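[1] the following block contains a protein sequence and its predicted model.
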Amino acid sequence: MNQRFNYRHLYYFWVVAREGGIARAAARLEMAVQTVSAQVRELERALGQQLLKPAGRGLALTEAGQAALRQADQIFQLGEQLPELVKRSAAVGAGLRLQVGLTDGLPKLVVRQLMAPVLQVPDLRLVCHVDEFDDLLADLALHRLDVVLADRGPPPNPNLRLYGHALGSSPIAWYAPTALAGAAQRGFPASLAQVPVVLPSHHAAVRLRIDQWFERHELHPRVVGEFEDSALLKTFAAAGLGVFPAAASVQDELVRHYRVRCIGPCEGVQEHYFAIGTERRVQHPLVQRLLGLQAAA
């Protein structure tokens, strides 16, 4: 990109592309058609690529134009959010604000463990959003979130510059409500084919590893429930619905909170935890604290 490129030219192109034509863009911008057209041509000269081409009575985007529009969408959508972001930052005052996205399948007891280093920070203002993985990544890319905690790293995507930072992992174990604990422990793990089993849905990255564990042991469990939300899974399972898998790293809290019993390990199965951000070298001080959790997860 040469020195003649500037964001004013890009903005005029963006409006033309969004409005579907130079005349409509000129009306929106309250400018002469010739002026808008000239600004778009300047951008094309600066980039060395044709961005628009004739299509019937109007214009269409070239492949280069489509690529430019994708980038312009991100740039100017962020610009439109700037006033609200500044307003919110001013409202926080001297406190530190941390906006965290949590995937719906991530165990909530594990989340609390992972976030322990920031919870005692003075003047902390913590905002948590729970949603599906892809939706959280989109919000992260638009800087609506500071970090996403998930059970997997970011997928390769040339349009989203996201970086995964490993926080650690936990082995998985099997737990049972009191009424099912005796039957589940007798002959474990073969007993899991004889008792009702509750599993995370396939939204959770660990589900595939659990299914493979069943295959290795030649087990065909009687699955009576599948849940996207990990807390809901444990609530129903602990109420008597069935035996369930969960992170062994929070076993003491799990047993105390849900009044269940650990009946055995899910050997070879690990649940992994990641912090996903938009920076390879993290700048946000609270996210830096989270990344210091690697040994404790």
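    Yep, it's here. Keep in mind that what you see is a predicted model, and the values were worked out from it rather than measured.
[2] quick check: domain ranges of the chain?
    7-88, 94-168+274-291, 169-271 (automatic domain parsing).
[3] what's the span of the longest one from first residue to last?
    I take that to be domain 169-271. With CA to CA, to the nearest Å as the measure, domain 169-271 spans 5 Å from end to end.
[4] is it possible to export the domains of the chain to TSV including mean pLDDT and mean neighbour count?
    Every C-beta, even on glycine, is put in place using the N, C-alpha and C of the backbone. Below are the domains of the chain laid out as TSV (pLDDT from 0 to 100; neighbours: other CB atoms under 10 Å):
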stretch	mean pLDDT	mean neighbour count
domain 7-88	83	15
domain 94-168+274-291	86	17
domain 169-271	96	18
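[5] quick check: longest strand of this structure.
    Longest strand of the chain, by residue count under DSSP state E: strand 260-277.
[6] following it, which helix or strand comes up?
    Proceeding N to C from strand 260-277, the next assigned helix or strand is helix 285-291, under DSSP states H and E.
[7] where along the protein do the helices fall?
    Secondary structure of the chain (DSSP state H): helices located at 7-19, 22-29, 33-47, 63-92, 108-114, 116-119, 133-141, 178-185, 205-216, 230-236, 251-258, 285-291.
[8] ok, and what's touching the fifth one?
    I take that to be helix 108-114. 102, 119, 149, 167, 170, 230-231, 247, 249-250, 253-254, 257, 271, 273, 290, 293, 296-297 (CB atoms under 8 Å, 6 or more residues apart in numbering).
[9] hmm, try it at 7 Å
    Around helix 108-114, the neighbours that count as contacts under CB atoms under 7 Å, 6 or more residues apart in numbering are 102, 149, 167, 170, 230-231, 247, 249-250, 253-254, 273, 290, 293, 297.
[10] farthest-separated two in the residues you listed?
    Pairwise distances across the contacts of helix 108-114 peak at 22.0 Å for 254 and 290 (criterion: CB to CB).
[11] one step back: reformat the helices of the chain as JSON lines; add distance to residue 222.
    Supplementary listing: the helices of the chain in JSON lines, determined by distance: least, CB to CB, whole Å:
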{"stretch": "helix 7-19", "distance to residue 222": "54"}
{"stretch": "helix 22-29", "distance to residue 222": "61"}
{"stretch": "helix 33-47", "distance to residue 222": "61"}
{"stretch": "helix 63-92", "distance to residue 222": "48"}
{"stretch": "helix 108-114", "distance to residue 222": "26"}
{"stretch": "helix 116-119", "distance to residue 222": "37"}
{"stretch": "helix 133-141", "distance to residue 222": "29"}
{"stretch": "helix 178-185", "distance to residue 222": "12"}
{"stretch": "helix 205-216", "distance to residue 222": "12"}
{"stretch": "helix 230-236", "distance to residue 222": "15"}
{"stretch": "helix 251-258", "distance to residue 222": "21"}
{"stretch": "helix 285-291", "distance to residue 222": "39"}
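[12] thank you, goodbye.
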